[in-house]
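Participant: Starting from these lines, generate the structure:
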Amino acid sequence: MLQPKRTKFRKFQKGRVNGILGNTTRLEFGEYGLKTLESGRIPAKTIEAVRRILTRKFKRLGQIWIRIFPDISVSSKPAEVRMGKGKGAPSFWVCRVKKGQILFEMDGISCQLAKQASLLAYYKLPLKTKFIT
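Facilitator: Numbers count the residues shown, from 1 in each chain. Modelled structure (predicted):
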């Protein structure tokens with residue numbers, strides 16, 4: 001699964017995701033892309049699920065670039081534990097995604113196949129996305 005090898009801090013604060021990130025709003029590698037229309041957090045499991053869907057749809061034809069990486073740990077306490085006694089242990093990793101950011105880029109396939117694959121990816125993602133060329 002996607003997670004960093006080491007981080008500066010073991011546990012992170014939740015923080016807020018707003019604004020538009022300027023350097024990730026254009027296609028850099030591929031011909032087609034999947035762009036977010038809202039801000040939020042995407043878990044590492046979801047990124048991996050979308051990657052699997054795209055590779056399965058392309059059948060070893062095209063190439064995929066993942067433009068996001070989950071580098072923030074989210075902690076949670078176990079079930080049925082009383083309040084207090086500190087913050088919970090890190091349980092999964094997320095990526096903060098801003099509005100207008102490109103998530104995935106695709107190349108080496110037809111436009112129709114890329115559109116179909118991005119529609120399948122849209123169903124898996126927790127945010128609204130848009131197919132761009």
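
Participant: What helices and strands are in contact with the top strand by length along the chain?
Facilitator: Ordering each strand of the chain by length in residues (DSSP state E) puts strand 89-97 first. If you count contacts as 3 or more CB pairs under 8 Å, 6 or more residues apart in numbering; DSSP states H and E, strand 89-97 packs onto strand 40-43, helix 44-58, strand 72-76. (Each C-beta comes from the backbone N, C-alpha and C, glycine too.)

Participant: from the middle of its chain, how far away would the helix or strand following the longest one be?
Facilitator: Looking back up the chat, that one is helix 44-58. For helix 44-58, the following helix or strand on the C-terminal side (DSSP states H and E) is strand 63-66. Mean C-alpha position of strand 63-66 versus that of the full chain (CA atoms, centre = their mean, to the nearest Å) differs by 12 Å.

Participant: Just the mean pLDDT for strand 63-66, thanks.
Facilitator: The average of the pLDDT scores along strand 63-66 is 95.

Participant: partners of it, with directions?
Facilitator: Sheet pairing of strand 63-66 (DSSP bridges) gives strand 102-107 (antiparallel).

Participant: Give me the angle between the strand it pairs with and helix 44-58.
Facilitator: Put simply, strand 102-107 runs at 20 degrees to helix 44-58, going by axes from the mean of the first three to the mean of the last three CA atoms, to 10 degrees.

Participant: quick one: what helix or strand has the residue of the chain most remote from its centre in it?
Facilitator: The outermost residue of the chain, judged against the average C-alpha position, is Arg82 (32.4 Å), by CA atoms, centre = their mean. Counting by DSSP H and E, there is no helix or strand that carries Arg82.

Participant: ok so, going back, turn the helices and strands packed on strand 89-97 into a markdown table, columns for distance to Val17, mean neighbour count and mean pLDDT.
Facilitator: Converted to a markdown table, the helices and strands packed on strand 89-97 look like this (distance: least, CB to CB, whole Å; neighbours: other CB atoms under 10 Å; pLDDT from 0 to 100):
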| stretch | distance to Val17 | mean neighbour count | mean pLDDT |
| --- | --- | --- | --- |
| strand 40-43 | 6 | 18 | 95 |
| helix 44-58 | 15 | 17 | 95 |
| strand 72-76 | 10 | 16 | 95 |
